[in-house]
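[1] coords please:
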Amino acid sequence: MSWYGGTAPYVISMNMGGGTTENVAAGTTAVSPFTQEFTMVNPSTADSVTYSYTVVITDSQGLSGTATATYTVGPTPNELPVIESAVYTKATKTLLVTVSDPDDAEDLIVDVTVPPGFNVDATSKYASATGPLTASFLWVPADVVNGAAGTTTVTVTDDAGDTDSADVALEIDPFPLVDDTLYAYPSPLLVSTQDTVTVVVLTGVPANPLQFVNGIGLTIESDADKVANTFNVGDVGGGAGDCDGFWSAMAPAGGFLLPPDNFIIATDIGGGRERWDFNVTPIGGSDQTTAKGALFNYQFTFSTPGLKTFGFEEVSGVNRTYYSDASATEYFWGDSTNASSPQVTVD
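    Next up, the predicted model:
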């Protein structure tokens, strides 16, 4: 800007009305023409904003001249969100995503894709305002026996719809099944109270023909409570009556007679433990002598911290954990101790 008249030297002040990061302080030495670079600001990412400025020039005699005008600052470009890191820990089957955004007060949403063979606790999680912040995703294999390997794409999205993405490799080891052995395999293994734990009941190749699972007396500490309507035949995921896991080899023509959820209740068995009774009844099935895999899965929560150990009760008054063939001959598993399955820690 330029001026004329008055008696040098001059001082200047420039109040930019809020549209710049700083003003020119009163008393700043100036000569005509005077130049100053400003960084413009506008809190809106959608609309232009008009500001007013005031310039005052004062000469050595104390005489002043004032100029005012307006100027318009366009919308501020959105700063892109950033995935700072995305780390998968195989031991806990957990993907921890750390995100950030240079813009203040952004709502950041983290999404993951689900590769074949996996299930995840949620595909989208809220990471809250300006970071870095985290979102944690728990993965489980659809088929516990064979495990899973694949790649998920992680995407963070801000309020403006801008994104950042990263690919992360996932891997879950197979869980080996020994012949004539029954297992209760829980996941995740480290939870807080009221977090959901999915337990998959699996069998190695049975020693005798198996067509019907007449009873599974699943035992656990007595602070367990069921997550209603989570009974699922075979592998984790899919519909409750989908034919997968152990049952894929049988492929019963009529599907399954699913137990009503109100039939699944806890029985106190003493010693701080309780038993939950299940059964799997195929319709139009056949005896299986070489099949193995998941019989069914169900979900529980725990109300108190501590170590939680799933097990089986074979007999209590009547048979509780057993199976039968087409001729209704009943059998027990050779090993139903569940000794090799992991335990759950509730903190």
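
[2] if I pick the most centrally placed residue in the chain, what's in contact with it?
    The centroid of the chain falls nearest to Phe137 when counting by C-alpha atoms, centre = their mean (3.1 Å). Neighbouring residues of Phe137 by C-beta atoms under 8 Å, 6 or more residues apart in numbering: Thr94, Leu95, Val97, Val112, Val120, Asp121, Ala122, Lys125. All C-beta spots, glycine's among them, are computed from the backbone N, C-alpha and C.

[3] Report the contact partners of the first one.
    The one in question is Thr94. Counting by C-beta under 8 Å, 6+ apart, Thr94 makes contact with Tyr88, Ser136, Phe137, Leu138, Trp139, Pro188.

[4] Domain boundaries for the protein, per the record?
    According to automatic domain parsing, the chain comprises the domains 10-73, 82-172, 182-346.

[5] Dump the ones you listed to a markdown table, plus distance to Trp3.
    Below are these laid out as a markdown table (distance: least, C-beta to C-beta, whole Å):
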| stretch | distance to Trp3 |
| --- | --- |
| domain 10-73 | 5 |
| domain 82-172 | 39 |
| domain 182-346 | 69 |
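
[6] if we can go back for a sec, need the contacts of Thr94 in CSV with distance to Phe312, secondary structure and pLDDT, can you?
    Listed next are these as CSV, based on distance: C-beta to C-beta, whole Å; DSSP: H, G, I helix; E, B strand; the rest coil; pLDDT from 0 to 100:
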residue, distance to Phe312, secondary structure, pLDDT
Tyr88, 32, strand, 98
Ser136, 32, strand, 92
Phe137, 31, strand, 95
Leu138, 26, strand, 91
Trp139, 27, strand, 93
Pro188, 21, coil, 88
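
[7] Please list only the buried members of the residues you listed.
    Tyr88, Phe137, Leu138, Trp139, Pro188 (16 or more other C-beta atoms under 10 Å).

[8] Name the spans of the stretch 1-150 of the chain whose pLDDT lies under the cut-off.
    Scanning the stretch 1-150 of the chain for pLDDT under 70 picks out 104, 128-131.

[9] Now do the strands in it.
    Along the stretch 1-150 of the chain, the stretches classed as strands by DSSP state E, counting those that start in this stretch are 10-15, 24-30, 49-58, 64-73, 82-89, 94-100, 109-112, 118-120, 124-126, 133-141, 148-157.

[10] between the fourth one and strand 49-58, what angle do the directions make?
    On the basis of axes from the mean of the first three to the mean of the last three C-alpha atoms, to 10 degrees, strand 64-73 is oriented at 160 degrees to strand 49-58.

[11] do the same with the fifth one
    Here strand 82-89 runs at an angle of 130 degrees relative to strand 49-58 (the same axes, to 10 degrees).

[12] Only the buried residues of strand 82-89, if you could.
    In strand 82-89, counting by 16+ other C-beta under 10 Å, buried: Val82, Ile83, Glu84, Ala86, Tyr88.

[13] which residues are contacting it?
    Contacts for strand 82-89 (C-beta under 8 Å, 6+ apart): 94-101, 131-132, 139, 154, 156, 164-166, 168-171.

[14] remind me which residues of the stretch 151-300 of the chain are low pLDDT?
    Using pLDDT under 70, nothing in the stretch 151-300 of the chain is flagged.

[15] Pick the one among the contacts of Thr94 closest to Gly5.
    Distances from Gly5 to the contacts of Thr94, taken as C-beta to C-beta, are shortest for Ser136 (68.6 Å).

[16] hey, what's the closest one bridged with?
    Beta-bridge pairing for Ser136 (DSSP bridges): Leu96.

[17] rewinding a little: ok, of the buried ones among the contacts of Thr94, which one's closest to Asp235?
    Nearest to Asp235 among the buried ones among the contacts of Thr94: Trp139, at 14.3 Å, using C-beta to C-beta.

[18] Any chance of TSV for the buried residues of strand 82-89, columns distance to Thr289?
    Formatted as TSV, the entries for those read as follows, by distance: C-beta to C-beta, whole Å:
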residue	distance to Thr289
Val82	56
Ile83	50
Glu84	53
Ala86	45
Tyr88	39
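
[19] and the two most separated of those?
    The span of these, defined through C-beta to C-beta, is set by Val82 and Tyr88 at 18.7 Å.

[20] Gly150 versus Gly245, what's the distance?
    As judged by C-beta to C-beta, to the nearest Å, Gly245 and Gly150 stand 19 Å apart.

[21] Tell me which of these two has more neighbours.
    Gly245 (29 against 16; other C-beta atoms under 10 Å).

[22] got the phi/psi numbers for that one?
    The phi/psi pair for Gly245 (degrees, to the nearest 10) reads phi 60, psi -140.

[23] so how far is Thr45 from it?
    From Gly245 across to Thr45, the span is 50 Å (C-beta to C-beta).

[24] do the same with Ser64
    Separation of Ser64 from Thr45 (C-beta to C-beta) stands at 38 Å.

[25] ditto for Thr123
    27 Å.

[26] For the nearest residue to Phe34 once chain neighbours are set aside, give me its contacts.
    Distances taken as C-beta to C-beta, 6 or more residues apart in numbering place Met1 nearest to Phe34, at 5.5 Å, with adjacent residues excluded. Residues near Met1 by C-beta under 8 Å, 6+ apart: Ser32, Pro33, Phe34, Thr35, Val55, Ala67.
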